[in-house]
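> my questions concern the predicted model and sequence given below.
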Amino acid sequence: MAATRARILDEYLVASARTGDRRAFDLLARRWHPKLVAHAWRLTGDGEIAREAAQEGWIEIVHGLAGLKDERAFAAWAYRIVSRRCAAQIRRVQARRALGTAIAAEPDAGPPEDHGDDLLRLRAAVRALPEGQRAAVALFHFEDMSVAETAVALDVPVGTVKTRLMHARRALRAALEGED
């Protein structure tokens with residue numbers, strides 16, 4: 001129910017911002033900037049690169065918002081822009097980041113709220129996933145996006161998202177059940 005309200009509010013803010021409502025755009029940016037930075041962080045594993053990619057993404061969002069035809073597509077569209085900006089940042093900074101560095105640099109969601117070792121094991125298992133699987137899991141499960149929206153956000157085919165989610169679930173199940 002809360003997710004539905006949030007989506008409706010976002011759709012309203014996008015529609016208002018497209019008509020030039022500065023306050024609506026400011027509220028939209030305040031609501032979405034942390035999500036876009038977190039997404040960029042998951043993709044790059046580096047806070048500074050993530051913030052820069054999100055900032056560049058906002059520039060593109062500001063310029064392209066008037067051309068967005070469907071307010072409901074904003075989330076996937078914004079994630080896709082930031083995903084492309086992350087790829088460009090990574091190419092500029094270095095050819096490829098080692099998986100160990102990306103895992104070590106990924107932010108932790110904070111101390112567990114009395115959920116015990118299972119939550120810590122789950123977080124560690126998600127951080128250990130390959131970049132593409134980690135991004136798909138985060139958008140699909142943590143950001144409550146559909147498979148189609150996740151595909152748009154990551155700029156990959158729907159089948160690729162489904163495959164990444166399938167492999168991620170297997171890896172997470174194995175990690176949580178103690179298998180190799």
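In hand now; what should we look at? Residues are numbered from 1 along each chain as shown.

> which parts of the protein are helices?
2-18, 22-44, 47-64, 74-93, 99-105, 117-128, 131-137, 147-154, 158-177 (DSSP state H).

> what angle separates the second one from helix 47-64?
It stands for helix 22-44. For helix 22-44 against helix 47-64, the angle by axes from the mean of the first three to the mean of the last three CA atoms, to 10 degrees is 140 degrees.

> can you name every helix or strand that helix 22-44 contacts?
helix 2-18, helix 47-64, helix 74-93, helix 131-137 (3 or more CB pairs under 8 Å, 6 or more residues apart in numbering; DSSP states H and E). Placement of C-beta: from N, CA and C, glycine included.

> okay, those helices in CSV with mean neighbour count, distance to residue 146 and mean pLDDT next?
Shown next, in CSV, are the helices and strands packed on helix 22-44 (neighbours: other CB atoms under 10 Å; distance: least, CB to CB, whole Å; pLDDT from 0 to 100):
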stretch, mean neighbour count, distance to residue 146, mean pLDDT
helix 2-18, 15, 11, 89
helix 47-64, 18, 21, 93
helix 74-93, 20, 9, 88
helix 131-137, 22, 12, 88
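
> list the contacts for the residue nearest the centre of the chain?
Centroid-nearest residue in the chain, with CA atoms, centre = their mean: residue 39, separated by 3.1 Å. By CB atoms under 8 Å, 6 or more residues apart in numbering, the contact set of residue 39 is 54, 79, 82, 83, 135, 138, 139, 143, 153.

> could you do residue 147 as well?
140, 158, 161, 162, 165.

> and it, how close does it get to residue 159?
Going from residue 147 to residue 159 by CB to CB, to the nearest Å gives 9 Å.

> just residue 4 next, same as before
28 Å.

> residue 89 too?
Taking CB to CB, one finds residue 89 at 27 Å from residue 159.
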